[in-house]
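> give me a model of this one.
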Amino acid sequence: MSAQNQPTTQAPISIEPASPAAAPEPTGTGGSRHSSSRVVRLVRRHPLAAFFVWFFTVGQAFAFYPVVVPDAAGLPPQLFIVAATLFGLLLPTVVITGLVGGRSAVRSLGHRIIPPRRGVAWYALALLGVPLMSITITVLLVGAPVDTSWSSTVTVLIPHLLLPLLVTFLPNNLWEEVAWMGFVQARLQTRRGPLLAAVITGPLFALQHIALVVGNSPVAALAVIGLLAVFAIPFRFATAWIYNKTGNLFLVGLFHATGNAATGGSGFQDGLLATIYPNAQIASIAHLLAFAVIGIVAVLLTRGRLGMPDTRHRSA
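Numbers count the residues shown, from 1 in each chain. So this is what the prediction gives:
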């Protein structure tokens, strides 16, 4: 994108951990209140550690339920992924943000979820960047699809791109990014800088998908998670760039969701490339390559700052 099309740069809101005095602690002499107060102090001192303890226990319990109980009451496995996102990622994000920064921090987090009214170039990147890049990569590696007529393309777009986009964005990817970008990565980059924060966040983000590879051989499962961890790092470069330049998590979640919709789909419907290229393995992972290209380009364009002002990079 050209500099002329970019909206005015908006630095993301700092969400560094507040001091223990930021919010009142429970009072009282009872043993339960004393224990509760100690837990609150620990969460305030180590908000990221508290988040990961919750997510990799409670959150993953939801994700693994259909694996452990294959029938799962006849419910689609994707519903448990959504539950893992809402109760394993979003819930601790909101609770810990409130404990550390109080109500004002929670309101600030909420404001960053509101769709921005300006920023056409960033909306274009979020909506079109990954689908177009994924299609280009697939065509270069596999060739053009058999049917390229306009009527066939329109017929495929609505059920296999737009509908999966809505289904994966609203209940899942938006809230994933509220947690991973808005809470985890944003906190890390205030202390470690944007590049190292993405390098740390990427593999942790990849581990949230471990339930999806269970059932494969150990070697295959480790290979898939390892590959996902590698590709997750440039993906986190891209999400940091969008977030730091816009201060908005809605756009980050939209960017994430369009990648899923363009390839594998939502878990309920096949994605665009999986439908057009049903027998091509690359069609299911082209979005990972597209994310990687965009993330690496963002690093090069910003000289590693990923839209984060130098003053914030040097802070802490």
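> which residue, other than its chain neighbours, is closest to residue 210?
residue 225 (6.0 Å; C-beta to C-beta, 6 or more residues apart in numbering). From N, CA and C alone the C-beta is placed, and that goes for glycine too.
> quickly find the element holding residue 114.
Using DSSP states H and E, residue 114 is not contained in any helix or strand.
> the nearest residue to it once chain neighbours are set aside: how many residues sit nearby?
Leaving aside its chain neighbours, residue 114 sits nearest to residue 250 (6.6 Å; criterion: C-beta to C-beta, 6+ apart). For residue 250, the count of nearby residues is 19 (other C-beta atoms under 10 Å).
> tell me who's in contact with residue 250.
By C-beta atoms under 8 Å, 6 or more residues apart in numbering, residue 250 lies in contact with 112, 113, 114, 115, 116, 174.
> per-residue confidence at the nearest residue to residue 145 once chain neighbours are set aside?
If the residues on either side of it in the chain are set aside, residue 145 comes closest to residue 276, at 4.6 Å by C-beta to C-beta, 6+ apart. As predicted, residue 276 sits at a pLDDT of 89.
> burial count for residue 276?
23.
> residue 157 is in contact with that one, correct?
No. Applying C-beta atoms under 8 Å, one finds residue 276 not in contact with residue 157, separated by 10.4 Å.
> list phi and psi for residue 265.
phi 100, psi -160 (degrees, to the nearest 10).
> for residue 173, see how far away the nearest residue to it once chain neighbours are set aside is.
With C-beta to C-beta, 6+ apart as the criterion, residue 265 has its nearest non-adjacent residue at 3.6 Å, and that residue is residue 271. For residue 271, the distance to residue 173 (C-beta to C-beta, to the nearest Å) stands at 13 Å.
> any shared contact partners between the two?
residue 260.
> show me what the helix ranked longest in the chain is packed against.
Using DSSP state H to define each element, the chain has its longest helix at helix 218-246. Here helix 218-246 touches helix 120-124, helix 186-192, helix 194-207, helix 249-262, helix 286-302, going by 3 or more C-beta pairs under 8 Å, 6 or more residues apart in numbering; DSSP states H and E.
> which parts of stretch 221-228 are buried?
The neighbour-count check on stretch 221-228 (16 or more other C-beta atoms under 10 Å) flags 224, 225, 228 as buried.
> so the first one touches residue 214, yeah?
Same thing as residue 224. No. Using C-beta under 8 Å, residue 224 is not in contact with residue 214; the gap is 10.5 Å.
> pLDDT weak spots in the protein?
1-34, 72-73, 311-316 (pLDDT under 70).
> residue 68: how many residues sit nearby?
10.
> actually, residue 191.
Neighbourhood size, residue 191 [other C-beta under 10 Å]: 12.
> then residue 126?
23.
> what's the answer for residue 140, then?
For residue 140, using other C-beta under 10 Å, the count is 10.
> in terms of secondary structure, what does the host helix or strand of it contact?
Element membership for residue 140, per DSSP H and E: helix 130-142. Under the contact definition 3+ C-beta pairs under 8 Å, 6+ apart, helix 130-142 sits against helix 249-262, helix 272-276, helix 286-302.
> ok so, going back, which of the contacts of residue 250 tops the neighbour count?
residue 112 (23 neighbours).
> quick check on that one: phi, psi?
With angles defined as degrees, to the nearest 10, residue 112 sits at phi -80, psi -10.
> show me what contacts the residue lying closest to it once chain neighbours are set aside?
Spatial nearest neighbour of residue 112, excluding adjacent residues (C-beta to C-beta, 6+ apart): residue 249 at 4.7 Å. Residue 249 sits next to 112, 113, 174, 177, 178, 181, 182, 243 when contact means C-beta under 8 Å, 6+ apart.
> could you export those as CSV, including distance to residue 289?
CSV is the format used below for these (distance: C-beta to C-beta, whole Å):
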residue, distance to residue 289
112, 29
113, 28
174, 23
177, 20
178, 26
181, 21
182, 26
243, 22
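> farthest pair within the residues you listed?
Across the contacts of residue 249, the longest distance by C-beta to C-beta is 13.0 Å; it joins 174 and 243.
> and the residue nearest to residue 210, how far from residue 298?
24 Å.
> now do the same end-to-end measure for stretch 94-113.
13 Å (C-alpha to C-alpha, to the nearest Å).
> can you mark which positions in it are buried?
Within stretch 94-113, judged by 16+ other C-beta under 10 Å, the buried ones are 94, 96, 97, 98, 99, 100, 101, 105, 106, 109, 112, 113.
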